[in-house]
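In: Got a predicted structure plus its sequence, pasted below:
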Amino acid sequence: MTNTDDEYKKIKSLHESAKLTREGGNPIVLLPQARFQSAGREIQMDLLLYPAAHGGYPTRLFFERQIEGRGNNWKQYCVVGRHWWACSWGGIEADMSWPGMLCAHLRAVE
């Protein structure tokens, strides 16, 4: 089990505008206009890191929109009152650090 405050500080050090919220008692981190690499190009969009079980996976990373040609089996979800997309990508356990978790999830769309 991770310490929410410590993990949030780590994410804030990487993405200054990160916002911590909760849904169903679980911490969730909104990463507005996050920048990351996908298919050799830089993408910028809102991301939502869900460091707890959701939709049959131990953790999830939700994307503002699908990334064409990347990720498998995209599915839409409503989380914190907003529609998000997530692809099928597992094995990212909840006991990882949040920055490590974020990086591991982003490998799905490299």
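Out: Arrived safely.

In: Are there helices or strands packed against the longest strand seen in the chain, and which ones?
Out: The longest strand of the chain (DSSP state E) is strand 26-38. In terms of contacts (3 or more CB pairs under 8 Å, 6 or more residues apart in numbering; DSSP states H and E), strand 26-38 is packed against helix 4-14, strand 19-23, strand 41-50, helix 98-106. For the C-beta atoms, the positions are set from N, CA and C on the backbone; glycine is no exception.

In: could you redo the last one with a cut-off of 7 Å?
Out: Contacts defined by 3 or more CB pairs under 7 Å, 6 or more residues apart in numbering; DSSP states H and E place strand 26-38 against helix 4-14, strand 19-23, strand 41-50.

In: List the buried residues for it?
Out: 27, 28, 29, 30, 31, 34, 36, 38 (16 or more other CB atoms under 10 Å).

In: Repeat that for stretch 84-97.
Out: 84, 85, 86, 87, 89, 92, 94, 96.
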